[in-house]
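# what follows is a protein structure lacking sequence information:
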Ligand SMILES: NC(=O)C1=CN([C@@H]2O[C@H](COP(=O)(O)OP(=O)(O)OC[C@H]3O[C@@H](n4cnc5c(N)ncnc54)[C@H](O)[C@@H]3O)[C@@H](O)[C@H]2O)C=CC1
Ligand SMILES: CC(=O)C(=O)O
Ligand SMILES: [Mg+2]
């Protein structure tokens, strides 16, 4: 059994879980074919005979009962043969074929789907999350088969309070919401952006053990400013050739695809009209599920900041691109200080060039500034340099974004370096000689040869290059170029996964994945289990510190800043516990379920971690009981 196991260690982990997993009975209000068509309850051929009798399934399935393990093996076999059969095909073709086989299982049998996802997270995260999820969003209207999640459009104004009750689950714990306006580095994809909340919530189930019956992906469709979607509803954002090639290989067929965009065909709402839609949605959610945690995802910067300010004190919500990214980047930046053999307080002296002054870049700098102030006092003078598409941002910038103002350089700070307003990236890197170059620009390849070579002259013994933009093609540089041009001693991180680099002579250039996936599941889980009224900066700092301290000195010395994605449940349990404890300490916790605040207050750190672990859902076939 478990032929897919890649190592003895993972086989052991899986076997242990199998034998200790407790399968509580689950009440269903359906019978017969309705159960087979419901992915929450469907076990395919895995229904035991007693259950088939009890639920009116006898005769609706072939007679042989197939065990969960056999179903798992069969799925993995078909996945591996798909890999084999698509060898040599263009990468987009292979990725979409893999996404489709997983998506079909997701739509049919969630227990089996999440089990294969959890056990093979390293292989499957790049399919259900970045980078393939970007390709899926770009082609979403064509790939659409069954709805998943909820769609609230500008046309639903006045109806949302009743619409929210159309969702079939009585309890929802986690909601991921997008308006599709800035999907990864791919821009405005309108309603097609729904793939992102779905992918993020898959990570919530896999990493944080949120019960998939209690998650809700949401698309707020207020129109799109993507001319292609507006003007040419019969075309995809990317040409459908990849889909056609998959068809020729026999995995899907051209006639399967309906190339019609599925969203509102109108320009995006702006100003008060826009906000009134978001207000109505947030109030409807709060009315039905007052303790649900809401994650805002991939909103264009102006609305990302505005909605965060507007709701963060009123509801339990956070913006992943601003706040989750900031924590992951800060943890990585603290790791690079350790990798240089410096004490953590030296972070205050690091020269950091951030390229991209949007929701992510500004979020990172804001959190980094808070960290420097904690270390060196409020009068600390951090050495941060911020660039956007118009180059270095200084106080001379006309119409400067108020959110960027705290990081804009004054004339006297840069004149000694010979820099001025709007200086280009290569010039800034050559003159500043930064310890860290961090990209959150969404522009693929802007850390070009001249920039990377300039990093070789960094004042750091271990310069760090973070090319954090997603998906893969939007990364500011690839690791092979970074190690080749900036030197083998660099520390490297990217937002989407890349393979480690073979540097020859047995040396490996380690590629870290600096992605908010290491924090958002723990932030959401910790907030949920604490019953926090809202998500404070202290809770977010606790998450970042927990991630930063997770790695051993040996790993850090080898340039490994983040845990392996195989350990994502472990790190999420620790982050969740850190967030929970911070909420309790700050008096923001109200308890969750039958665990009240007093009980949470009395838990030690280890007990809190154990409590978080025990509350993680794990996919097993439990007995179904009809009511
Ligand atoms: N690794 C991770 O966990 C995360 C990665 N991201 C990625 O970061 C990227 C940016 O996201 P947001 O900040 O939300 O986008 P945004 O659209 O709010 O900001 C982009 C910024 O980049 C700047 N920019 C554009 N072209 C540039 C150029 N040629 N040179 C310098 N700056 C340039 C823009 O002026 C703007 O300030 C996206 O690709 C996204 O996928 C975002 C969140 C998390
Ligand atoms: C990872 C993520 O949240 C982004 O690229 O937007
Ligand atoms: Mg995002």
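Here it is on my side, so go on. Not measured: the values here are computed from a predicted model. Ligands and ions are numbered 1, 2, ... in the order given.

# tell me the residues of the stretch 501-627 of the chain that contact ligand 1?
By the rule C-beta under 6 Å from any ligand atom, the part of the stretch 501-627 of the chain lying against ligand 1 is 514-516. All C-beta atoms are positioned from the backbone trio N, CA, C, and that covers glycine.

# what's the burial count for the residue in the stretch 351-500 of the chain that ligand 2 sits nearest to?
Nearest residue of the stretch 351-500 of the chain to ligand 2: residue 470, at 3.7 Å (C-beta to the nearest ligand atom). If you count neighbours by other C-beta atoms under 10 Å, residue 470 ends up with 25.

# mind listing what it touches?
Residue 470 is in contact with 130-131, 134, 184-185, 495-496, 515, counting by C-beta atoms under 8 Å, 6 or more residues apart in numbering.

# and the helix or strand hosting residue 198, what other elements does it pack with?
Using DSSP states H and E, the secondary-structure element containing residue 198 is helix 195-203. Using 3 or more C-beta pairs under 8 Å, 6 or more residues apart in numbering; DSSP states H and E as the contact definition, the elements that helix 195-203 packs against are helix 121-128, helix 132-138, strand 174-178, strand 215-221, helix 520-530.

# angle of it against helix 520-530?
Counting by axes from the mean of the first three to the mean of the last three C-alpha atoms, to 10 degrees, helix 195-203 lies at 70 degrees to helix 520-530.

# give me the residues contacting helix 195-203.
Under C-beta under 8 Å, 6+ apart, the answer for helix 195-203 is 106, 117, 125, 128-130, 133, 136-137, 140, 148-149, 174, 176-178, 183-184, 210, 212, 215-219, 295, 297-298, 320, 517, 520-521, 568.

# how about a markdown table for the helices and strands packed on helix 195-203, with mean pLDDT added?
Converted to a markdown table, the helices and strands packed on helix 195-203 look like this (pLDDT from 0 to 100):
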| stretch | mean pLDDT |
| --- | --- |
| helix 121-128 | 98 |
| helix 132-138 | 97 |
| strand 174-178 | 98 |
| strand 215-221 | 98 |
| helix 520-530 | 98 |
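
# nearest to residue 578, of the ones you listed?
helix 520-530 (6.8 Å; C-beta to C-beta).

# could you name the helices and strands sitting against the following helix or strand past that closest one?
Counting by DSSP H and E, the next helix or strand C-terminal to helix 520-530 is helix 537-549. Using 3+ C-beta pairs under 8 Å, 6+ apart, the elements in contact with helix 537-549 are helix 325-339, helix 359-376, helix 520-530, helix 568-585.

# give me the helices and strands touching the following helix or strand past helix 537-549, please.
Scanning forward in sequence from helix 537-549 by DSSP H and E, the next helix or strand is helix 553-557. Counting contacts by 3+ C-beta pairs under 8 Å, 6+ apart, helix 553-557 packs against helix 325-339.

# show me the contacts for the residue nearest to residue 514 when sequence neighbours are not counted.
Of all residues beyond its chain neighbours, the one nearest residue 514 is residue 493 (3.7 Å), with distances taken as C-beta to C-beta, 6 or more residues apart in numbering. Taking C-beta under 8 Å, 6+ apart, we find residue 493 in contact with 332, 464-468, 511-514, 561-562.

# for the record, mean pLDDT for stretch 52-67?
Stretch 52-67 shows a mean pLDDT of 97 in the predicted model.

# now it, how far from the centre of its chain.
38 Å (C-alpha atoms, centre = their mean, to the nearest Å).

# tabulate the helices and strands packed on helix 537-549 (JSON lines), appending mean neighbour count and distance to ligand 3.
As requested, the helices and strands packed on helix 537-549 are exported to JSON lines (neighbours: other C-beta atoms under 10 Å; distance: least, C-beta to the ion, whole Å):
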{"stretch": "helix 325-339", "mean neighbour count": "26", "distance to ligand 3": "7"}
{"stretch": "helix 359-376", "mean neighbour count": "22", "distance to ligand 3": "8"}
{"stretch": "helix 520-530", "mean neighbour count": "30", "distance to ligand 3": "9"}
{"stretch": "helix 568-585", "mean neighbour count": "25", "distance to ligand 3": "17"}
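
# measure the closest residue to ligand 1 within the chain to residue 304 for me?
With C-beta to the nearest ligand atom as the measure, residue 358 is the residue of the chain nearest to ligand 1, at 1.8 Å. Plainly put, residue 358 is 8 Å away from residue 304 if you go by C-beta to C-beta, to the nearest Å.

# and residue 92, what element?
Residue-wise, residue 92 maps onto helix 91-108 under DSSP H and E.

# now the angle from that helix to helix 121-128?
Going by the same axes, to 10 degrees, helix 91-108 makes 100 degrees with helix 121-128.

# state the mean pLDDT of helix 91-108.
Rounded mean pLDDT across helix 91-108 is 97.

# tell me the helix or strand right after it.
helix 110-119.

# what packs against that following helix?
helix 68-85, helix 91-108, helix 121-128.

# circling back to that earlier point, contacting ligand 2 as well, which ones from the contacts of residue 493?
Checking the contacts of residue 493 against ligand 2 (C-beta under 6 Å from any ligand atom), there are no matches.

# adding secondary structure, distance to residue 367 and pLDDT, write those residues out as CSV.
CSV is the format used below for those (DSSP: H, G, I helix; E, B strand; the rest coil; distance: C-beta to C-beta, whole Å; pLDDT from 0 to 100):
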residue, secondary structure, distance to residue 367, pLDDT
332, helix, 12, 98
464, strand, 16, 98
465, strand, 20, 98
466, strand, 14, 98
467, strand, 19, 98
468, coil, 14, 98
511, strand, 23, 98
512, strand, 18, 98
513, strand, 19, 98
514, coil, 14, 98
561, coil, 16, 98
562, coil, 16, 98
